[in-house]
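[1] Make a model of this:
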Amino acid sequence: MKELQHLNKYFLKYKTQLLIGILITAISIIFKVFVPKLIGSIVDIVSYQLQHPEITISNFKTQLFKNIALIIGTSIVAGVLTFFMRQYIINVSRYIEFDLKNEIYQQYQKLSLNFYKKNRTGDLMNRISEDVGQVRMYAGPAIMYSINTITLFIVVLAFMFKQSPKLTFFTLIPLPILSVLIYLISKEIHKRSTIVQEYLSKLSTFTQEVFSGISVIKAYGIEPQTQDDFKTLALISKEKQLSLVRIQAFFFPMMLLLIGISNIIVIYIGGKQYIDGEISLGNIIEFIIYVNMLTWPVATVGWVTSIIQRAEASQKRINEFLKIEPEIKNKTLKPSKIIGNIEFKDVHFTYDDTNIKALQGVSFKVRSGETLAIIGKTGSGKSTILDLIGRLYDINHGELLIDNQAIDKLNLTNLRDAIGYVPQDAFLFSDTINNNIKFGKENATNEEVIAAAKNAQVHKNIIKFTNGYETTLGERGITLSGGQKQRVSIARAIIKDPKILLFDDCLSAVDTETEEKILNNLKKVSAGKTSIIVSHRISSAKNADQIIVLDNGKIVQEGTHNTLIDCDGYYKALYLKQLSENTSL
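    Residues are numbered from 1 along each chain as shown. Model (predicted):
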């Protein structure tokens with residue numbers, strides 16, 4: 001249970017509720033245990049009456065009804081207390097589930113992009129849902145039944161020992177055998193539980209990827225192949241589940257067998273003691289009821305052990321992520337005022353997951369209020385520069401300065417609050433268009449949303465939709481075209497009114513006429529802001545204050561549009577090519 005020690009902080013947090021629950025459990029069990037004693041007393045009363053018929057029937061009835069009333073009363077009290085026991089202990093498990101999910105979610109948000117490149121979404125989802133669900137079963141039902149079982153054993157054994165130490169000793173003979181069997185089976189359950197959880201993650205990952213890429217699957221007509229792949233994975237998962245169930249199935253019959261043996265011992269040894277006059281008939285009935293009272297708690301030992309082993313396997317998977325130290329850390333809590341001056345000094349950066357050298361000795365400077373355009377072939381390192389400015393990654397070598405201060409010395413929250421970022425692959429949430437634009441500014445007015453949409457040249461498209469700005473988008477904005485998604489994403493960045501605007505080839509899906517209108521609007525809204533535009537189009541770069549051309553992670557050309565078209569190189573060649581295709585240049 002080493003991995004489950006992570007939950008100790010939550011048990012301490014809710015210790016008051018747990019202690020009350022434990023106290024109620026103990027009291028309820030004491031009331032339950034009085035019932036067999038009262039039944040035994042009734043048997044003795046009846047037996048005595050049969051042996052002494054001279055005793056008046058009214059006296060017999062009085063004692064009988066008194067015991068029956070006590071049985072009903074103690075049963076009601078025990079039932080009420082059991083209800084409150086569940087309310088306290090099971091509720092705590094729900095609180096712990098809530099806290100643990102929040103802890104995992106917060107950790108997910110802190111982890112860097114590298115983490116998400118190496119782990120699949122389906123697996124991440126499974127750990128915060130299925131695995132946490134298994135842990136909750138440990139924090140609630142497993143603990144409740146464990147406390148119930150332990151308390152019942154202590155109280156029942158005390159009552160049994162008081163009645164007949166010899167009979168109690170013989171009754172407990174099967175328990176050591178039970179302990180050894182539980183230990184051996186628990187080890188196997190833990191191993192198989194881990195495998196089951198891993199395959200559940202694989203199933204979640206597979207289905208998540210299929211649903212996300214359903215348009216590609218349909219376009220290529222590979223539904224039968226996908227179905228076969230899913231069926232194969234599901235069959236393996238089923239076999240792993242059945243393997244676990246088979247080993248779990250040993251518990252209950254084994255418990256019943258051992259309890260049955262205990263009953264036989266009680267009847268045999270107790271019968272001999274009764275014949276010898278050592279105990280009464282009522283005592284034998286008491287012992288049989290006590291032994292059977294232990295049947296369910298003993299049977300739950302197997303179930304509880306299974307829950308704990310599965311929870312241990314799940315918590316181990318959760319801890320794997322919780323123990324990861326975020327690569328990008330906020331190194332200062334002191335607020336940082338961002339103006340927008342950006343400088344790269346001999347910056348080198350290599351992606352550790354692919355070992356691709358994205359930037360090799362890049363140096364440039366952009367002053368606040370200026371616009372920088374970055375041109376280059378695919379894979380030349382353009383998007384990497386924007387990622388480094390947003391501190392999605394830390395540089396390997398060199399200096400990246402924001403307002404003459406090393407970027408990792410700035411308050412990370414303030415830095416990102418000062419940036420409006422439009423990614424190359426525009427991502428929209430499954431929400432209304434209005435809320436997607438407001439993602440950039442939560443408290444924005446409707447007028448601000450419309451103004452941002454107009455500047456992004458998407459307002460006319462939106463008002464044509466049946467529900468206008470309240471149109472709910474499909475997953476990842478699938479309802480919209482590529483160009484519309486890009487323009488909504490631009491509106492989201494504009495409405496934020498940041499100090500730094502980063503545009504990563506965000507006009508690639510719009511026509512040149514719309515591009516020209518958007519660029520003119522951006523020129524107005526970005527006045528006084530630092531803007532960096534990554535593009536493959538000269539039309540997007542030509543009005544920038546400075547332009548750099550990247551190739552293989554190195555700056556091969558830099559200057560203004562006019563100076564670059566006057567000298568041979570990649571920029572001029574691209575300009576002439578696009579000029580022949582589009583006279584607007």
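[2] Show me which residues of stretch 21-41 are buried.
    Neighbour-count burial for stretch 21-41 flags 21-22, 24-41 (criterion: 16 or more other C-beta atoms under 10 Å). Bear in mind the C-beta positions are built from the backbone N, C-alpha and C, glycine included.
[3] Name the surrounding residues that touch it.
    By C-beta atoms under 8 Å, 6 or more residues apart in numbering, the residues outside stretch 21-41 that reach it are 67, 70-71, 74-75, 77-78, 81-82, 84-85, 88-89, 92, 144, 147-148, 151-152, 155-156, 159, 280, 282-283, 285-286, 289-290, 293.
[4] Repeat that for stretch 136-155.
    4, 7, 10-11, 18, 21-22, 25-26, 29-30, 32-33, 85-86, 89-90, 92-94, 96-97, 100, 293-294, 297-298, 300-301, 303-304, 307-308, 310-312, 315.
[5] mean confidence for that stretch?
    The pLDDT scores in stretch 136-155 average 84.
[6] can you pull the buried residues of that stretch?
    136-149, 151-153, 155.
[7] ok so, going back, now go through the contacts of stretch 136-155 and say which are in helices.
    Those of the contacts of stretch 136-155 mapping onto helices are 10-11, 18, 21-22, 25-26, 29-30, 32-33, 85-86, 89-90, 92-94, 96-97, 100, 293, 297-298, 300-301, 303-304, 307-308, 310-312, 315, per DSSP state H.
[8] would you say residue 556 is within a strand?
    Yes. Assigned with DSSP: H, G, I helix; E, B strand; the rest coil, residue 556 falls within a strand.
[9] Would you confirm that it contacts residue 571?
    No. If you go by C-beta atoms under 8 Å, residue 556 and residue 571 don't touch, sitting 9.1 Å apart.
[10] The two - which one has more neighbours?
    Taking other C-beta atoms under 10 Å, residue 556 and residue 571 do not tie; residue 571 has more neighbours (24 against 14).
[11] what's the spacing between the strand or helix carrying that one and its chain's center?
    Using DSSP states H and E, residue 571 sits in helix 570-581. How far helix 570-581 lies from its chain's middle: 49 Å, per C-alpha atoms, centre = their mean, to the nearest Å.
[12] That one - contacts with which helices or strands?
    Using 3 or more C-beta pairs under 8 Å, 6 or more residues apart in numbering; DSSP states H and E as the contact test, the elements touching helix 570-581 are strand 371-376, helix 538-541, strand 546-551, strand 554-559, helix 561-564.
[13] Could you pull out the buried residues of the fourth one?
    With burial defined by 16+ other C-beta under 10 Å, the residues of strand 554-559 counted as buried are 555, 557, 558.
[14] correct me, but the first one touches residue 548?
    I take that to be residue 555. Yes. If you go by C-beta under 8 Å, residue 555 and residue 548 touch, sitting 5.1 Å apart.
[15] Bridge partners for residue 530, pull those for me.
    residue 500 (DSSP bridges).
[16] That one: neighbouring residues, count only.
    26.
[17] what's near enough to touch it?
    Contacts of residue 530 by C-beta under 8 Å, 6+ apart are 340-342, 366-372, 499-501.
[18] Which helix or strand contains residue 347?
    Residue 347 belongs to strand 342-351 when assigned by DSSP H and E.
[19] what does residue 61 give?
    Element membership of residue 61 [criterion: DSSP H and E] is helix 57-110.
[20] Report the next helix or strand after that helix in sequence order.
    Downstream of helix 57-110, the first helix or strand assigned by DSSP H and E is helix 113-118.
[21] model confidence over that next one, on average?
    Across helix 113-118, pLDDT averages out at 82.
[22] Can you name the residues in contact with the helix or strand just after that helix?
    Going down the chain from helix 113-118, the next helix or strand is helix 121-128, by DSSP H and E. For helix 121-128, contacts defined as C-beta under 8 Å, 6+ apart pick out 101, 104-105, 108, 197, 200-209, 314, 317-318, 321.
[23] if we can go back for a sec, so what's in contact with residue 555 and residue 548 at the same time?
    Jointly contacting residue 555 and residue 548 under the rule C-beta under 8 Å, 6+ apart are residue 364.
[24] what residues go with each domain of this structure?
    The chain breaks down into these domains under automatic domain parsing: 3-322, 334-418+529-585, 421-497.
[25] okay, and for this structure, where does confidence drop off?
    Across the chain, residues meeting the criterion (pLDDT under 70) sit at 48-56, 59-60, 179, 183, 251-252, 295-296, 298-299, 302, 475-477, 582-585.
[26] Now do the spatially most central residue of the chain against residue 107, distance only.
    In the chain, the centroid-proximal residue (C-alpha atoms, centre = their mean) is residue 128; its distance is 2.0 Å. Using C-beta to C-beta, to the nearest Å, we find residue 128 at a distance of 10 Å from residue 107.
[27] Not counting sequence-adjacent ones, nearest residue to residue 405?
    In space, and not counting its chain neighbours, residue 405 is closest to residue 336: 7.7 Å by C-beta to C-beta, 6 or more residues apart in numbering.
[28] Can you read off the backbone torsions of the one you found?
    phi -120, psi 130 (degrees, to the nearest 10).
[29] how many other residues sit next to residue 14?
    The burial count for residue 14: 19, using other C-beta under 10 Å.
[30] For it, give me its contacts.
    Applying C-beta under 8 Å, 6+ apart to residue 14 gives the contacts 92, 95, 96.
[31] Output those residues in TSV; the columns should cover neighbour count and distance to residue 576.
    Below are these laid out as TSV (neighbours: other C-beta atoms under 10 Å; distance: C-beta to C-beta, whole Å):
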residue	neighbour count	distance to residue 576
92	24	72
95	16	67
96	22	66
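[32] what would those residues look like in JSON lines with distance to residue 423?
    Listed next are those as JSON lines, based on distance: C-beta to C-beta, whole Å:
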{"residue": "92", "distance to residue 423": "42"}
{"residue": "95", "distance to residue 423": "38"}
{"residue": "96", "distance to residue 423": "37"}
